[in-house]
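Asker: With the input below, show me the fold.
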Amino acid sequence: MDIYLPIAEMPIDMFLILGMGVAVGFISGMFGIGGGFLLTPLLIFVGIPAAVAVATQGPQIAASSMTGSLAYWRRRAIDFKLGYVLLAGGLVGTALGVLFFNQMRRLGQLETVITMSYVTLLGVVGVLVFIESARAVFAARLGKTTRKRLAGQHRWFEGLPLKMRFHRAGMYVSAIPLVGIAALIGFAGAVLGIGGGFILVPALIYIFRVPAHVVVGTSLFQILFTMMAATVFHAASNQSVDLFLALLLMVGGVFGAQFGARAGANLRGEYFRLLLGLLILLVAARFAADVFTQPREPFSATPTETVR
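Answerer: Numbering: from 1, shown residues only. Predicted coordinates:
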């Protein structure tokens, strides 16, 4: 059953979009990620213009994150203080990212920036997560225990000013590196249409050693508000948010996230990270295939605006 998308200016199968929303919502709830790094490529691959695919991610990611956050809140697995600190940096990064997005779109380089950024970012993050988690899995099977940080042992960035204690996350560190990481993720999220959870979750686990079950809920809480802000910024500045497309994705995402949150609660930490790394690598490989293989039509003609 096809419906017409007014902003994307094309017909699309309604059940295909609903199915995408359910699948990505399930993954979002399981891993504590917004799911945009999967959904943006999927929409582009089925023909949705890149600018519309990126801008329309916000409502769907926010909807999936909200339902997932509620599930983790009921289990007391959200560190709200940590979430507020991450949110402060994320909002700043989101605003800067929308400005950069609009500039690249005016220059006609937006699709190139999106494709190359996905290949680079996902490739690097995916390899690092996969290698570390594979080592943890093999170590667990061999009965080896991972060396834990000694009490009172801190790295240089944790001792910067503005130190804060996060009780549920079990850490006492400076808020500066947390805000910095959140700002970078907010910037990438606005430009690429991603929630950034696939970067934030590994960063909190590996760098700050936050327990996996707290990381997922806190990540979803932060993503909820940054994606709401990104939606407002994109709608106000470039009018590229397709509400019909967003509604279909939201309906599917809400259902999928609930089942994903239940499945994620039963995963062991090392297998959780291994699956996440593999998933990121698969998306990066799909984008790389488009970059390094010859297209069916080497040349294309598109209308351009006349500059006066």
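Asker: who's in contact with the nearest residue to residue 166 once chain neighbours are set aside?
Answerer: Of all residues not flanking residue 166 in the chain, residue 82 sits nearest, at 4.6 Å (CB to CB, 6 or more residues apart in numbering). For every residue, glycine as well, the C-beta is placed using N, CA and C. Applying CB atoms under 8 Å, 6 or more residues apart in numbering, we find residue 82 in contact with 166, 168-169, 178, 210, 218.
Asker: Can I get stretch 216-232 in PDB, CA atoms only?
Answerer: C-alpha atoms of stretch 216-232 as PDB (Å, rounded to 0.1, in the frame of the first residue of the first chain):
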ATOM      1  CA  VAL A 216      21.600   2.000  28.200                       C
ATOM      2  CA  GLY A 217      18.800   3.800  30.100                       C
ATOM      3  CA  THR A 218      20.900   7.000  30.600                       C
ATOM      4  CA  SER A 219      21.800   7.000  26.900                       C
ATOM      5  CA  LEU A 220      18.200   6.700  25.800                       C
ATOM      6  CA  PHE A 221      17.200   9.500  28.200                       C
ATOM      7  CA  GLN A 222      19.800  11.900  26.700                       C
ATOM      8  CA  ILE A 223      19.000  10.900  23.100                       C
ATOM      9  CA  LEU A 224      15.200  11.600  23.700                       C
ATOM     10  CA  PHE A 225      15.800  15.400  24.300                       C
ATOM     11  CA  THR A 226      18.600  16.000  21.800                       C
ATOM     12  CA  MET A 227      16.500  14.400  19.000                       C
ATOM     13  CA  MET A 228      13.500  16.500  20.000                       C
ATOM     14  CA  ALA A 229      15.700  19.600  19.700                       C
ATOM     15  CA  ALA A 230      17.200  18.400  16.400                       C
ATOM     16  CA  THR A 231      13.700  18.000  15.000                       C
ATOM     17  CA  VAL A 232      12.700  21.600  15.900                       C
END
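Asker: thinking again about what came up before, so which of the contacts of residue 82 comes closest to residue 47?
Answerer: If you rank the contacts of residue 82 by distance to residue 47 using CB to CB, residue 218 comes first, at 35.6 Å.
Asker: any idea how far residue 208 is from the closest one?
Answerer: 11 Å (CB to CB, to the nearest Å).
Asker: Done for today, thanks.
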